[in-house]
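S.K.: Sequence and predicted structure are below.
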Amino acid sequence: MGNTFGKKFKITSWGESHGPAVGVTLDGVPSLFEINIEHIQNELQRRKPGQSEISTQRKEEDSVEILSGIFEGKTTGAPISMLIRNTDQRSKDYDHIKNIFRPSHADYTYQAKYGIRDWKGGGRASARETIARVASGAVAKQWLSYKFNTEIFAFVKQISNLKAAISTDNITKKEIESNIVRCPDNLVANKMIQKIKDARKNGDSLGGIIECVTKNIPVGLGEPVFDKLDADLAKAILSIPACKGFEIGSGFAGVEMTGSEHNDEFYVDDDNTVKTKTNHSGGVQGGISNGENIILRAAFKPTATIIRSQKTIDTNHNTIEMQGKGRHDPCVLPRAVPIVESMVALVIADHALLNHSNQ
């Protein structure tokens, strides 16, 4: 299984949704870098279940334990191992689907591939695994901020057919965190919250789009031809559970533009820095960062587990009707915001270290 991500700044995650713990090992983090454990914990709090009335009501403290790689508050260059214990599993909620393939879940594909599957909460296919990404992404964020003053922030751009009308230029983390749906457009955010509540009441779920902006990126990150920066960002984002779409810069909207409209013209500013007048490229040209903000979007499908009755099959291929049980997010997007930020941070940190080794 593909449990390891990255080349220089490398992570390996482990653990299952209903196992004793989930964890991650980071290898390649530069030594003598001061780690803020509180920052890691704060990032985990943004992802944790039970944080609001529109998220799953599973209650987990999600307290991080650092097992190795840090001495007197600084990285040693050795692998950093972090552990987060599971304390509120309710495996009995899954007894009824032990021999059932849930629609749009990984049940059937895992069984077909491995001949065995962890039916308690979905095992490795569960979004519980992403806590490892957020913990390691918090380290990557700190290192990027220290090294390049890089800022990474994501927000909910769309829920179902509700779209926020906002510019990414001046959005702040405070505005994003000002409401439980993590949309800085408060007028639209209130409508999103109500729509999620209505979906939960009706036993259904919703999807949407998260936008992520990365500022202060060094020029030259990205490895042609097959390890382009945007290609690695796409893989990272699409590896997040429930993510079904990725675009960067103008994305699919670019097909409606002409070349003269889409091309980002260069100029030199007062500080003798090369800039572009527009940013349809989304900060990446030829697979390499050009110094402009990296702007990308991730589309998430509606949560697969719903309370409504659905037709499916069991392990003996008998057609049956089933109904979801347990505690699940009616919309994954608010909790997916720090996950998107973390995957972007891991890619940028990895390419920064790769770029250093090339020069």
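M.R.: In hand now; what should we look at?
S.K.: where does the stretch 101-250 of the chain dip in pLDDT?
M.R.: Along the stretch 101-250 of the chain, no part satisfies pLDDT under 70.
S.K.: can you map out the helices along it?
M.R.: Assigned by DSSP state H, counting those that start in this stretch, the helices in the stretch 101-250 of the chain fall at 107-114, 130-148, 173-176, 186-201, 229-238.
S.K.: can you tell which of those is closest to G282?
M.R.: Nearest to G282 among those is helix 229-238; the distance by C-beta to C-beta comes to 7.4 Å. To be clear about C-beta, it is placed using only N, CA and C from the backbone, and glycine gets the same treatment.
S.K.: Dump the closest one to PDB, keeping only the CA atoms.
M.R.: Taking Å, rounded to 0.1, in the frame of the first residue of the first chain, the C-alpha atoms of helix 229-238 are listed here in PDB:
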ATOM      1  CA  LEU A 229       5.200  21.100  -8.900                       C
ATOM      2  CA  ASP A 230       1.600  21.200 -10.000                       C
ATOM      3  CA  ALA A 231       1.600  17.500 -10.800                       C
ATOM      4  CA  ASP A 232       2.800  16.700  -7.300                       C
ATOM      5  CA  LEU A 233       0.200  19.100  -5.800                       C
ATOM      6  CA  ALA A 234      -2.500  17.400  -7.800                       C
ATOM      7  CA  LYS A 235      -1.400  13.900  -6.500                       C
ATOM      8  CA  ALA A 236      -1.300  15.200  -3.000                       C
ATOM      9  CA  ILE A 237      -4.700  16.800  -3.100                       C
ATOM     10  CA  LEU A 238      -6.400  13.900  -4.900                       C
END
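S.K.: Mind giving me the packing neighbours of it?
M.R.: strand 243-248, strand 284-285, strand 294-300, helix 333-358 (3 or more C-beta pairs under 8 Å, 6 or more residues apart in numbering; DSSP states H and E).
S.K.: And the contacts of whichever helix or strand comes after the third one?
M.R.: Translated: strand 294-300. Per DSSP states H and E, the first helix or strand lying C-terminal to strand 294-300 is strand 309-314. Identification of contacts with strand 309-314 by C-beta atoms under 8 Å, 6 or more residues apart in numbering yields N99, I100, F101, R102, P103, T319, I320, E321, M322, Q323.
S.K.: Next, the buried residues of strand 309-314.
M.R.: T312 (16 or more other C-beta atoms under 10 Å).
S.K.: ok now the next helix or strand after that strand, how far from the chain's centre?
M.R.: Downstream of strand 309-314, the first helix or strand assigned by DSSP H and E is strand 319-323. Relative to the chain's own centre, strand 319-323 is displaced by 31 Å; criterion: C-alpha atoms, centre = their mean, to the nearest Å.
S.K.: could you say what helices and strands strand 319-323 packs with?
M.R.: Partner elements for strand 319-323 (3+ C-beta pairs under 8 Å, 6+ apart): strand 309-314.
S.K.: Most tightly packed of the helices of the stretch 101-250 of the chain?
M.R.: Greatest average neighbour count among those goes to helix 130-148 (a mean of 24), per mean count of other C-beta atoms under 10 Å.
S.K.: now the angle between helix 333-358 and that one, please.
M.R.: 50 degrees (axes from the mean of the first three to the mean of the last three C-alpha atoms, to 10 degrees).
S.K.: and the angle from helix 130-148 to helix 229-238?
M.R.: Using the same axes, to 10 degrees: helix 130-148 against helix 229-238 is 150 degrees.
S.K.: Which strands and helices lie in contact with helix 130-148?
M.R.: Packing partners of helix 130-148 (3+ C-beta pairs under 8 Å, 6+ apart): strand 10-15, strand 21-27, helix 37-47, strand 80-85, strand 151-159, helix 333-358.
S.K.: For R85, give the beta-bridge partners.
M.R.: Beta bridges link R85 to A21 when assigned by DSSP bridges.
S.K.: how many other residues sit next to it?
M.R.: 16 (other C-beta atoms under 10 Å).
S.K.: wait, it sits on G23?
M.R.: No - using C-beta atoms under 8 Å, R85 is not in contact with G23; the gap is 9.2 Å.
S.K.: Mind putting the helices and strands packed on helix 130-148 into CSV with distance to G254?
M.R.: Formatted as CSV, these follow (distance: least, C-beta to C-beta, whole Å):
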stretch, distance to G254
strand 10-15, 32
strand 21-27, 35
helix 37-47, 31
strand 80-85, 39
strand 151-159, 17
helix 333-358, 20
